[in-house]
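>>> Only the shape, not the letters, is given here:
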């Protein structure tokens, strides 16, 4: 079955021809295996529903607080706001993916197929690119602190412009997937939503996976790792003065945050991209276990959308205070 979330799911075929050379080896006969595993058929929608509910609630709360609380209008929070919008957008369309899984077909038409598959690819690229921009911003702040310099150009307005540029960049990256998205019918006349590449389909399919791997993981994650390594190096070489304890506490807090950000990002997305490499280089046997692992990896990458609010907002003291204050005002 070609999932509507073809970009963020290892189960998408590259066209309606059911060409095994273009289909991920993990799921060439999803219908047969899912029918043999009713527990799996029910379990996956439950997981997706939890991710949807938690993600939608958390990201909407982040958006609401940042837009309504005056003290929350900072450069970092502008990037957090856009990250929450990207994750919220994705969680909003998860119910359609759930419906497709339960129905074993795509009943929503051509236009919605293009939109849903594009939004799914937005999820792959937008989160990691906003995370990269946040990493660059944090590094520049640390660098300015070490050199005791101000950053006059680091303003809320500048953050808005940078965020807009990120959206434009991601839109350009996702555009090919929007163009190739298509509804097609297999040999059993069952409609699916997936990527419909021109011939040779196998080459185009592999190129799309490599394209996603490099632009959606290798380049941004490498950039983040380099920036955080340099940032920690700068922090370690700060000469502590009479304010040593406060600075040391700040260093530890930044170190912990860096560890959490990198650990969660890599934990959620590395398996997905490693599985892409495996799908491109090996011919896995057609088993229910392989398909189960495929869906687990996809669910893990989806889960990043509901974890981000806790990582980038709820761990922030000012956000928690603003959130509690707004709840108290509404309760009054």
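Happy to help now that I have it. What you see is a predicted model; the values in this text were computed from it and never measured. Residues are numbered from 1 along each chain as shown.
>>> what about the stretch 151-300 of the chain, any weak spots by pLDDT?
Residues of the stretch 151-300 of the chain meeting the criterion pLDDT under 70: 237-258, 286.
>>> Tell me where it has helices.
For the stretch 151-300 of the chain, applying DSSP state H, counting those that start in this stretch gives helices covering 156-180, 201-213, 219-236, 244-281, 288-309.
>>> okay, the ones you listed, which one's buried deepest?
Sort those by mean neighbour count, taking mean count of other CB atoms under 10 Å, and helix 288-309 sits at the top with a mean of 20. For every residue, glycine as well, the C-beta is placed using N, CA and C.
>>> Can you spell out which helices and strands pack onto that one?
Packing partners of helix 288-309 (3 or more CB pairs under 8 Å, 6 or more residues apart in numbering; DSSP states H and E): helix 30-36, helix 38-68, helix 75-103, helix 110-146, helix 244-281.
>>> rank the ones you listed by pLDDT, which is bottom?
Ranked by mean pLDDT, those bottom out at helix 30-36, with a mean of 39.
>>> so which of the helices of the stretch 151-300 of the chain gets nearest residue 53?
Among the helices of the stretch 151-300 of the chain, the nearest to residue 53 by CB to CB is helix 288-309 (8.3 Å).
>>> roughly how far is the closest one from the heart of the chain?
Distance of helix 288-309 from the chain centroid (CA atoms, centre = their mean, to the nearest Å) equals 11 Å.
>>> And stretch 266-285, by the same measure?
The chain centre lies 16 Å from the centre of stretch 266-285; the measure is CA atoms, centre = their mean.
>>> Distance check, residue 120 against residue 260.
26 Å (CB to CB, to the nearest Å).
>>> is it true that residue 76 touches residue 137?
Yes: counting by CB atoms under 8 Å, residue 76 touches residue 137, with 6.7 Å between them.
>>> between these two, which one's more packed in?
Of the pair residue 76 and residue 137, residue 137 is the one with more neighbours under other CB atoms under 10 Å, namely 20 against 16.
>>> I figured that one hits residue 78, correct?
No: using CB under 8 Å, residue 137 is not in contact with residue 78; the gap is 9.7 Å.
>>> shared neighbours, the two?
Shared contacts of residue 137 and residue 78, defined by CB atoms under 8 Å, 6 or more residues apart in numbering, are found at residue 159.
>>> And for stretch 89-97, what's in contact with it?
With contacts defined as CB under 8 Å, 6+ apart, stretch 89-97 is touched by 3-5, 48-49, 51-52, 55-56, 59, 108, 112, 115-116, 119-120, 122-123, 302, 305-306.
>>> What residues sit buried inside stretch 45-54?
Going by neighbour count (16 or more other CB atoms under 10 Å), the buried part of stretch 45-54 is 45, 47-48, 51-52, 54.
>>> which residue packs closest to residue 303, ignoring adjacent ones?
Take residue 303 and drop its neighbours on the chain: the residue closest to it by CB to CB, 6 or more residues apart in numbering is residue 51, 5.6 Å away.
>>> I figured that neighbour hits residue 305, correct?
Yes: contact criterion CB under 8 Å: residue 51 and residue 305 qualify, at 7.0 Å.
>>> How about residues contacting stretch 260-277?
Against stretch 260-277 from outside (CB under 8 Å, 6+ apart): 8, 10, 26, 128, 131, 135, 209, 212-213, 216-217, 221, 224-225, 228, 293-294, 297-298, 300-301, 303-304, 307, 311, 315.
>>> do the same with stretch 297-314
Stretch 297-314 has contacts (CB under 8 Å, 6+ apart) with 5, 8-11, 44, 47-48, 51, 54-55, 58-59, 61-62, 65-66, 80, 83-84, 87, 90-91, 94, 123-124, 127, 134, 260-261, 264-265, 267-269, 271-272, 275, 319-320.
>>> Now do it: distance to the chain's middle.
Its chain's C-alpha centre and that of stretch 297-314 lie 8 Å apart, by CA atoms, centre = their mean.
>>> And stretch 146-159, by the same measure?
Put simply, stretch 146-159 sits 28 Å off its chain's centre (CA atoms, centre = their mean).
>>> Next: stretch 70-78.
With CA atoms, centre = their mean as the basis, stretch 70-78 stands 22 Å off its chain's centre.
>>> Let the chain start at 318 from now.
Right, with 318 as the first residue, what we last looked at is stretch 387-395.
>>> Identify each buried residue in it, please.
389, 392-395.
>>> Tally up the residues packed near residue 377, please.
17.
>>> which residues does the residue nearest to it when sequence neighbours are not counted contact?
Distances taken as CB to CB, 6+ apart put residue 405 closest to residue 377, at 6.1 Å, once the chain neighbours are dropped. Taking CB under 8 Å, 6+ apart, we find residue 405 in contact with 372-373, 376-377, 380.
>>> and which of the residues you listed is nearest residue 468?
Minimum distance to residue 468 across those is 25.9 Å, recorded for residue 380 (CB to CB).
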